[in-house]
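A.B. asks: This is the structure alone, sequence omitted:
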């Protein structure tokens with residue numbers, strides 16, 4: 001296992017860290033009444049209606065995942081892949097609505113989010129990335145030869 005950092009993992013870590021900072025700052029601004037709940041709509045996909053608490057919860061989760069990715073924790077790789085898929089699932093209804101209504105800007109924005117989410121998930125599931133995070137590639141399905149008696 002190489003000691004140098006993987007550049008793509010560093011970019012993914014940075015994206016989670018930026019999302020965490022954004023969500024936490026917007027959560028604080030919400031408590032002060034300076035911004036509306038729609039400030040988190042792009043990342044929270046409707047969950048922003050739950051109030052400032054969901055901003056702090058999701059921001060904290062993103063920060064923990066970013067730290068875990070930085071320190072090459074396998075749980076963080078799995079959590080990041082699940083969060084990226086959740087982002088894709090949340091964008092499906094917006095993409096569908098944008099296609100029906102011919103809103104090209106929304107299609108481009110949400111389509112980019114879908115592509116990024118699928119790309120992050122795909123990269124984090126690759127065998128080389130799993131090895132980078134220290135996960136053994138042995139699935140336990142290998143057949144071992146029987147010893148003759």
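C.D. replies: Nice, thanks for sending it over. Computed from a prediction, not measured in an experiment: that's the story for all the values here.
A.B. asks: Give me the residue ranges of the protein where confidence is low.
C.D. replies: 1-3, 136-149 (pLDDT under 70).
A.B. asks: Try it again at 50.
C.D. replies: Scanning the chain for pLDDT under 50 picks out 1, 142-143.
A.B. asks: Buried by neighbour count: which residues of the lengthiest helix in it qualify?
C.D. replies: Of all the segments assigned as helix in the chain under DSSP state H, the longest by residue count is helix 74-101. The neighbour-count criterion (16 or more other Cβ atoms under 10 Å) identifies 76-81, 83-84, 87-88, 90-91, 94-95, 98 as the buried residues of helix 74-101. From N, CA and C alone the C-beta is placed, and that goes for glycine too.
A.B. asks: How far off centre is it?
C.D. replies: 8 Å (Cα atoms, centre = their mean, to the nearest Å).
A.B. asks: If you count contacts, what does it end up packed against?
C.D. replies: helix 7-32, helix 52-70, helix 104-124, helix 127-132 (3 or more Cβ pairs under 8 Å, 6 or more residues apart in numbering; DSSP states H and E).
A.B. asks: Helix 7-32 and that helix, what's the angle between them?
C.D. replies: Between helix 74-101 and helix 7-32, the angle comes out at 70 degrees (axes from the mean of the first three to the mean of the last three Cα atoms, to 10 degrees).
A.B. asks: Fine by me, thanks again.
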